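Novice: need coordinates for the following:
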Amino acid sequence: MKKIFTLFIAFTLFSCNDGNFDIPAFEFTDTINTCGEYLLYKTNTEKTEVLIISLTNTQLDTIVGEKPYPISSSLKVTYRIFDEKIGADYFCQEIPPATPLVLKELDAVEGSIIINTIATVIEDEDVTSYEYDISIKDLLFLDNNERIYFETMSFGTFKK
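Specialist: Purely as a prediction, here's the structure:
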């Protein structure tokens, strides 16, 4: 009986699995790339990981100040991992290219996109352009049964 009990204990201890959970780095360059006015994205230095924000025409307005927008089906935050480097025109093509392959794609299920609109270059009291300081609050991705959460993430400043 002792041998069976010892075998059972040994089997239990050695059968533990910490899983293959890979925590994404979420380290992106400071440059915000665009495709049109409402698709903003940042890549990592290898250009194999991308964080994408899809906006509509109402978020980048000319009303100065900070405004939160809840993530929804029309306001998306998406994280993608590719098998190789993406090109500069990857997101601006009507039909996505066959390569590089998307290895993983996660759509945010919760959070808010915070856009602070700042008037810039004022000539003779006329505003000639705007800057949009973008951050994301309470960002939540679900990867199968794993939760990837960021309380606050600075996306960067976009000039229009």
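Novice: by residue count, tell me the biggest strand in the chain.
Specialist: Ranked by number of residues, the top strand in the chain under DSSP state E is strand 102-123.
Novice: which parts of it are buried?
Specialist: For strand 102-123, the neighbour count (16 or more other Cβ atoms under 10 Å) marks 106, 108, 111, 112, 113, 114, 115, 117 as buried. To be clear about C-beta, it is placed using only N, CA and C from the backbone, and glycine gets the same treatment.
Novice: distance from the chain centre to the following helix or strand past that strand, please.
Specialist: Later in the chain than strand 102-123, the nearest helix or strand by DSSP states H and E is strand 126-143. Relative to its chain's centre, strand 126-143 lies at 11 Å (Cα atoms, centre = their mean, to the nearest Å).
Novice: hmm, residue 44 is touching residue 27, no?
Specialist: Yes - at 6.0 Å, residue 44 counts as touching residue 27 under the criterion of Cβ atoms under 8 Å.
Novice: where along the chain do the strands fall?
Specialist: Assigned strands in the chain, in chain order: 33-35, 39-43, 49-54, 65-70, 76-82, 102-123, 126-143, 146-159 (criterion: DSSP E).
Novice: understood, closing this out.
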